[in-house]
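**Student:** Sequence first, then the predicted structure, then my questions.
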Amino acid sequence: MSRRGSLTVRPKKALLSTRSYIDQMDGGLTSVQGAQEIISMITSRRLVTKLILGHNQLGSAGCIVLFRFLSSAIGRKYRITEISLNSNEIGDEGLLAIAEHLKNDVFLKEFFLQNNRFTGDATVMRTFASCLNQSRLEVLSLTTNNMLSDPFSASFFPTLNSDSLQELHISSTGITQLSLAPIIEYITSRRCRLHTLKCNGNNFGLRGVSSLVKAIDTGNYSLVNVELFSNHSATPDDADDEDIPDWKTTESLLGRVLGRNIYLRQQTAREALELLRHSRAAILHPSSRFPTEIQLYILSFLAPSLSEAQRLNIYNYASTTKTLPNLLPTLQSFEGPACIPDPVNMGLSVWEIHRTGGCTSCSGSLVCYRDQERQKWLGIVQCSFFDRGYL
C-alpha cells in the first residue's frame, strides 16, 4: 500500500548523553543532593567539557562533594575546560575544596565564581592562590564577591604567581585604596602575565585609579584590556590634591598605554615567528663557518624587540627536531581540532579543511585553530607580550 503525499523524514534529535556540556543554570540544585544530581549527569555521558551551574544553592557542602568527585579517578576522565558556579552561596570551605582540585587539574581553563560568600580570610586566600599557581587556569572571575574586600588583596596578590592566568575579574569586590599596593606590586612584577584585568565598581577614587594607571604605564606591558569603571567614590584627599589629573585625562592616558601594549604585543609575536623560521634552518642545518655564537648574534637582528631571554627560548625550541610539526596526517585526521566558522559568513566563503585539522583560510572564523596553536607556542617560548627586561 502507498500513502498519498511525500513522507517527511525529520532528523533525529541529539541525545542528551552526546552533549559535551551540562547546563543547569537556575536548576534548583541544593546542597549535597544537588551535587549528587550533577555527578549523575556527568557519569551518564561519555564527554563533558562544560559545567554551567550558576544560580543554584549548592553551598559549601555541595561544592565539596562535587569537587571530591571531579578529583577522583572517575572524575578526572572528563576533560572539563569551563565551570560556572556563580551565585551558589559557596563559602570559604567550598573555596578550599575548589583550590584542592585546581592544583591537580590540567584541563580547566575558565572558572566563574561570581557572587558567592567568600570572606577574604588570609589563610584561605593564600591557599587558593597557591593552588591556582599549580593549575592551568586562564580565566578567573571573582566579581561581586563584595565580602572579599582589602584582606583578600593583601593575601591573594602577593601569593599569585601563575604562568597560565591571563584574565582576572575582581569587579565589585569591596576593595579600596588599601588594596592598591599589593595590586600594583603584582602587575608591575614579572609574576604578572595577565592581558585582561577587570576592576569595576570598587572604591579606588580618582587618586587610586590614577596611581594604578601610572603603574601600568611605567611597569606593565602585558595588559591590553583594563576596566576601571565606576570607581568614582572620591576620597577626602581627591578634592584637595590639585596634582591628580581629572577622570578624562586619566582615561585618555590609560587608552594610550593599552594601545602601546597592544602594538608591542603584536610586534613581539611577529618577530618571534620570524626568528623561529630562520633559526630552524640556521641551527638544524648549519652551512656557515661562523661559530654558533656569531650565527645567533646575526639572527638576533631579525627580532630587535625581543629580550635576550626570549630569543634564547626560541633558539632552544628551534634546535631540536622533536618540536617540528608532523608531516603526515594522523590516523584520526577528521576528529582533530579545526577552525569554527562564523555562521553569518558561511555562505560567503569556501572552507578548505586540511586532513590535519587546520584550515587554509579562516578569515571568517569565530575560532581559528592555527591561531590557537600559534598563541600556545608564543606562551611556551614566553613571547606572548613584550618583555620589559629588554629595556
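**Tutor:** Ah, there it is. This one's a predicted model, so the numbers in the text were calculated from it and none came from an experiment. Residues are numbered from 1 along each chain as shown.

**Student:** low-confidence ranges in this protein?
**Tutor:** Using pLDDT under 70 as the threshold, the predicted model of the chain has low-confidence ranges 1-18, 233-243, 288, 327-367, 389-391.

**Student:** hmm, try it at 80
**Tutor:** Low-confidence segments of the chain, defined by pLDDT under 80: 1-19, 232-244, 286-289, 325-370, 388-391.

**Student:** where along it do the strands fall?
**Tutor:** 21-23, 50-52, 82-84, 110-112, 139-141, 167-169, 196-198, 225-227, 340-341, 365-367 (DSSP state E).

**Student:** Generate a markdown table for those, with distance to G219 as supplementary columns.
**Tutor:** From N, CA and C alone the C-beta is placed, and that goes for glycine too. Supplementary listing: the strands of the chain in a markdown table, determined by distance: least, Cβ to Cβ, whole Å:
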| stretch | distance to G219 |
| --- | --- |
| strand 21-23 | 40 |
| strand 50-52 | 36 |
| strand 82-84 | 32 |
| strand 110-112 | 27 |
| strand 139-141 | 22 |
| strand 167-169 | 17 |
| strand 196-198 | 14 |
| strand 225-227 | 13 |
| strand 340-341 | 37 |
| strand 365-367 | 33 |
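
**Student:** Pipe these into JSON lines and attach distance to K322 and mean neighbour count per row.
**Tutor:** Rendered in JSON lines, the data for the strands of the chain read as follows (distance: least, Cβ to Cβ, whole Å; neighbours: other Cβ atoms under 10 Å):
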{"stretch": "strand 21-23", "distance to K322": "35", "mean neighbour count": "15"}
{"stretch": "strand 50-52", "distance to K322": "33", "mean neighbour count": "19"}
{"stretch": "strand 82-84", "distance to K322": "31", "mean neighbour count": "20"}
{"stretch": "strand 110-112", "distance to K322": "30", "mean neighbour count": "18"}
{"stretch": "strand 139-141", "distance to K322": "30", "mean neighbour count": "20"}
{"stretch": "strand 167-169", "distance to K322": "31", "mean neighbour count": "20"}
{"stretch": "strand 196-198", "distance to K322": "33", "mean neighbour count": "19"}
{"stretch": "strand 225-227", "distance to K322": "35", "mean neighbour count": "16"}
{"stretch": "strand 340-341", "distance to K322": "29", "mean neighbour count": "14"}
{"stretch": "strand 365-367", "distance to K322": "27", "mean neighbour count": "15"}
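
**Student:** can you tell me which residues contact the most centrally placed residue in the chain?
**Tutor:** Among the residues of the chain, E138 comes closest to the average C-alpha position under Cα atoms, centre = their mean, at 2.6 Å. Contacts for E138 were tallied using Cβ atoms under 8 Å, 6 or more residues apart in numbering; they are 109-110, 164-167.

**Student:** cool, Y78 as well?
**Tutor:** With Cβ under 8 Å, 6+ apart, Y78 has these contacts: 42, 47-49, 70.

**Student:** Now the buried members of those.
**Tutor:** Buried positions within the contacts of Y78, assessed by neighbour count (16 or more other Cβ atoms under 10 Å), are 42, 48, 70.

**Student:** and the gap between the first one and I80?
**Tutor:** Computed as Cβ to Cβ, to the nearest Å, the I42 to I80 distance reads 9 Å.

**Student:** Same check on the last one?
**Tutor:** Between L70 and I80 the distance is 7 Å, computed by Cβ to Cβ.

**Student:** Could you do the second one as well?
**Tutor:** V48 sits 6 Å away from I80, going by Cβ to Cβ.

**Student:** sorry, back to before: got JSON lines for the contacts of E138, with distance to L85 too?
**Tutor:** Formatted as JSON lines, the contacts of E138 follow (distance: Cβ to Cβ, whole Å):
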{"residue": "K109", "distance to L85": "15"}
{"residue": "E110", "distance to L85": "12"}
{"residue": "S164", "distance to L85": "20"}
{"residue": "L165", "distance to L85": "18"}
{"residue": "Q166", "distance to L85": "20"}
{"residue": "E167", "distance to L85": "17"}
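
**Student:** of all the residues you listed, which comes closest to F128?
**Tutor:** Proximity to F128 was ranked across the contacts of E138 by Cβ to Cβ; first place goes to L165, at 12.3 Å.

**Student:** out of everything not next to it in sequence, what's closest to the closest one?
**Tutor:** Distances taken as Cβ to Cβ, 6 or more residues apart in numbering put L137 closest to L165, at 6.0 Å, once the chain neighbours are dropped.

**Student:** roughly how far apart are the one you found and V65?
**Tutor:** Computed with Cβ to Cβ, the distance linking L137 and V65 is 21 Å.

**Student:** which ones among the contacts of Y78 are found in helices?
**Tutor:** Those of those mapping onto helices are 42, 70, per DSSP state H.

**Student:** Turn the contacts of Y78 into JSON lines, including distance to N145.
**Tutor:** JSON lines is the format used below for these (distance: Cβ to Cβ, whole Å):
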{"residue": "I42", "distance to N145": "26"}
{"residue": "L47", "distance to N145": "31"}
{"residue": "V48", "distance to N145": "26"}
{"residue": "T49", "distance to N145": "26"}
{"residue": "L70", "distance to N145": "22"}
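
**Student:** which two in the contacts of Y78 are spaced the farthest apart?
**Tutor:** Largest separation among the contacts of Y78 by Cβ to Cβ: L47 and L70, giving 14.8 Å.
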